[in-house]
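1. here are the coordinates; sequence isn't available:
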C-alpha cells in the first residue's frame, strides 16, 4: 500500500522555524513528484511547493522562507519553514503523483498523507 506520513508540526511564534517531514512507502519514491499543500481553517487547500528529481517549485507566498529537500535513500521529503508568519497557520499535507514535473494542481496528486498542524502565533 502507498503511504505518506507527515510529521513535525507544532506551535511556534512568528519568526520561528519548523521542519516538516514526509515519509513515503509503497512506491518508487525517486520517480515521483512530491508536493506540500496546506489548508487553513475556512480556506481552500493551497499549494506550498513540490519537488521532482530535477527541480523544485514554490508558491510565491513561501518563496525565500521555505525550502524543500528530499532524501531518496530514505524515501523522505522535508519542508524547512523559516520566518514563519501567522498566515502560515494551517494543516500541512504531503502528496505524491507519478510525474517528472512539479505540479501546483492538487487535483493531479494520487496519494495524500494525513496532515500535520502548524500553528504560528503573533
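-> Now that the structure is in, tell me what you want to look at. Owing to the predicted nature of the structure, the values given are computational and were not obtained by experimental measurement. Numbering: from 1, shown residues only.
2. once you drop chain neighbours, what's closest to the residue positioned nearest the centre of the chain?
-> By C-alpha atoms, centre = their mean, the mean C-alpha position of the chain lies nearest to residue 36, the distance being 2.3 Å. Closest residue in space to residue 36, ignoring its immediate chain neighbours: residue 48 at 4.1 Å, by C-beta to C-beta, 6 or more residues apart in numbering. Using the backbone N, CA and C atoms, a C-beta is placed for each residue, glycine as well.
3. can you list the buried residues in stretch 73-86?
-> Using 16 or more other C-beta atoms under 10 Å as the test for burial, stretch 73-86 gives 75-79, 81, 84.
4. how close does the residue of the chain positioned farthest from its centre sit to residue 43?
-> Within the chain, residue 122 marks the point farthest from the mean C-alpha position, 22.5 Å out by C-alpha atoms, centre = their mean. With distances taken as C-beta to C-beta, to the nearest Å, residue 122 is found 18 Å from residue 43.
5. kindly report the same for residue 79.
-> 19 Å.
6. residue 121 too?
-> 18 Å.
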